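J.: How does the following fold in three dimensions:
(chains A, B, C and D)
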Number of protein chains: 2
Amino acid sequence: MNQVKMAPMTRMHGSIRQPPDSREGLVDTLVTASFVVMAVISRIGAAHELSLSMVRLLGILRDRRPRMAELAEYLGLEKQTMSGLVARAEKRGLVARVPNEDDGRAVDVVLTDDGARLLHELRARGRAALAPLVANLEASEQQLARDLLQRLFRGSRG
Amino acid sequence: MNQVKMAPMTRMHGSIRQPPDSREGLVDTLVTASFVVMAVISRIGAAHELSLSMVRLLGILRDRRPRMAELAEYLGLEKQTMSGLVARAEKRGLVARVPNEDDGRAVDVVLTDDGARLLHELRARGRAALAPLVANLEASEQQLARDLLQRLFRGSRG
DNA sequence: TATTGTTATACTCTATAACTATA
DNA sequence: TATAGTTATAGAGTATAACAATA
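T.: Numbering: from 1, shown residues only, chains lettered A, B, ... in the order given. Now for the predicted structure:
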């Protein structure tokens, strides 16, 4: 049971770095690219002691005023988890809970001015961090890549 | 202090869904796309009670035999965090610790057969989940998108 | 009765600090 | 003395279950 799988040792020792495999398909490339982008966002968030979920929470609130249940569904979290995340963000002065006007049970979540300022800085740092990658493409290719990605993920919500 | 920012209420109530903003740049599109991909991977991992870090750990071990310190550096985690993550994976029979032959202090981490099987299934499910998105593009466009992404992230490690 | 949200509890994930063993 | 890894501890993030308030 659970016998250790011994892969051929050729190229297995030494550096962990691997040359990009140009034979890999679009899905693998998307996954690899996404991990790189997430690492960048995670590092920028960590510099402000923000988890990925917290960064995403702030990003969602930039131009929306969802209630708790909507946030939970959007982030793919349980409502209890959402309560905790919003509570910690509120404790830090980044968001505020506002009673919903139409439904006495519901709570809307909004950015505070401090939260909006922090989000603005995070976005600026994200653009700066990813700029060197974007610079690997010509301007016309950047636009093409953007259009292709937007068509790929049309109908998806991030 | 921390006064609540009251954005204009136009279109603020109701659904949280937003139409894609075709004016957004490549960086914003990349971030949005990455969150979608991460959500897919996270959901598939969660179905097997695997965190994103655990999924990524298994993925790295597919064709590599890194030591603990290399894994930590690769995943962007502290070595202590790495010890815990590997310990939990080992407890579940997914990976094994093997003493490094050249350095008595070092420990190599390898996939077990069970771990390799699980990783294989995760990758199949990932491909299936992302297939509908890929199908939004023609075959030639898929190849173009893949090439552009590979050039974007050349030199990056995921 | 169903829905919205919070509280209680437990486990994973992560980091900082202190430690052991080897180089 | 420096490096590789583990253990101890604490807090964030997550889920399941039980609860209170409103619809």
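J.: tell me the mean pLDDT over the helix or strand hosting A:Val86?
T.: Per DSSP states H and E, A:Val86 falls inside helix A:79-91. Averaging pLDDT along helix A:79-91 yields 98.
J.: what do you get for stretch A:31-49?
T.: 96.
J.: What residues of stretch A:134-144 count as buried?
T.: A:Val134, A:Asn136, A:Leu137, A:Glu141, A:Gln142, A:Leu144 (16 or more other Cβ atoms under 10 Å in any protein chain shown). In this view, the C-beta of every residue, glycine as well, is placed from N, C-alpha and C.
J.: Residues contacting that stretch from elsewhere in the structure, which ones?
T.: Applying Cβ atoms under 8 Å, 6 or more residues apart in numbering or on different chains, the contact partners of stretch A:134-144 are A:Ala145, B:Gly25, B:Leu26, B:Val27, B:Leu144, B:Leu148, B:Arg151, B:Leu152, B:Phe153, B:Arg154.
J.: For A:Leu152, give its distance to DNA strand C.
T.: Distance, A:Leu152 to DNA strand C, using Cβ to the nearest atom of the strand, to the nearest Å: 27 Å.
J.: what number of residues lie near the nearest residue to A:Ala72 once chain neighbours are set aside?
T.: In space, and not counting its chain neighbours, A:Ala72 is closest to A:Met82: 4.0 Å by Cβ to Cβ, 6 or more residues apart in numbering or on different chains. By other Cβ atoms under 10 Å in any protein chain shown, 21 other residues sit near A:Met82.
J.: Then A:Glu73?
T.: Neighbours of A:Glu73 (other Cβ under 10 Å): 13.
J.: Mind checking which of the contacts of stretch A:134-144 land in helices?
T.: Using DSSP state H, the members of the contacts of stretch A:134-144 that fall within helices are A:Ala145, B:Leu26, B:Val27, B:Leu144, B:Leu148, B:Arg151, B:Leu152.
J.: The fifth one contacts A:Asp147, doesn't it?
T.: No: using Cβ atoms under 8 Å as the test, B:Leu148 is too far from A:Asp147 to be in contact (10.4 Å).
J.: More neighbours: which of the two?
T.: B:Leu148 (21 against 15).
J.: so how far is A:Arg146 from that one?
T.: Distance, B:Leu148 to A:Arg146, by Cβ to Cβ, to the nearest Å: 10 Å.
J.: Equivalent analysis for A:Gly59, please.
T.: Going from A:Gly59 to A:Arg146 by Cβ to Cβ gives 18 Å.
J.: okay, the two: which has more neighbours?
T.: Between A:Gly59 and A:Arg146, counted using other Cβ under 10 Å, the more crowded position is A:Arg146 (22 against 19).
J.: what's that one in contact with, if anything?
T.: Applying Cβ under 8 Å, 6+ apart, the residues contacting A:Arg146 are B:Glu24, B:Gly25, B:Leu26, B:Thr29.
J.: check contacts around the last one.
T.: Right, B:Thr29. Applying Cβ under 8 Å, 6+ apart, the residues near B:Thr29 are A:Arg146, A:Leu149, A:Gln150.
J.: for the strand or helix carrying it, which positions count as buried?
T.: Of the helices and strands defined by DSSP H and E, B:Thr29 is found in helix B:26-46. Within helix B:26-46, the residues scored as buried using 16+ other Cβ under 10 Å are B:26-42, B:44-45.
J.: C-terminal to that helix, what's the next element?
T.: Counting by DSSP H and E, the element after helix B:26-46 in chain order, helix or strand, is helix B:52-61.
J.: Whichever helix or strand comes after that following helix vs DNA strand D: in contact?
T.: Sequence-wise, the next helix or strand downstream of helix B:52-61 (DSSP H and E) is helix B:68-75. Yes: using Cβ under 7 Å from any atom of the strand, helix B:68-75 comes into contact with DNA strand D via B:Met68, B:Ala69, B:Glu70.
J.: Run a quick neighbour tally on A:Gly115.
T.: By other Cβ under 10 Å, the residues close to A:Gly115 number 24.
J.: Name the nearest residue to it, sequence neighbours excluded.
T.: Using Cβ to Cβ, 6+ apart, the nearest residue to A:Gly115 is A:Leu94, at 3.7 Å.
J.: before we move on, what about A:Ala131?
T.: B:Val27 (7.6 Å).
J.: and the one you found, what is it in contact with?
T.: A:Gly126, A:Arg127, A:Leu130, A:Ala131, A:Val134.
J.: List just the nearest of those to DNA strand C.
T.: DNA strand C lies nearest to A:Gly126 out of the contacts of B:Val27, by Cβ to the nearest atom of the strand, at 18.6 Å.
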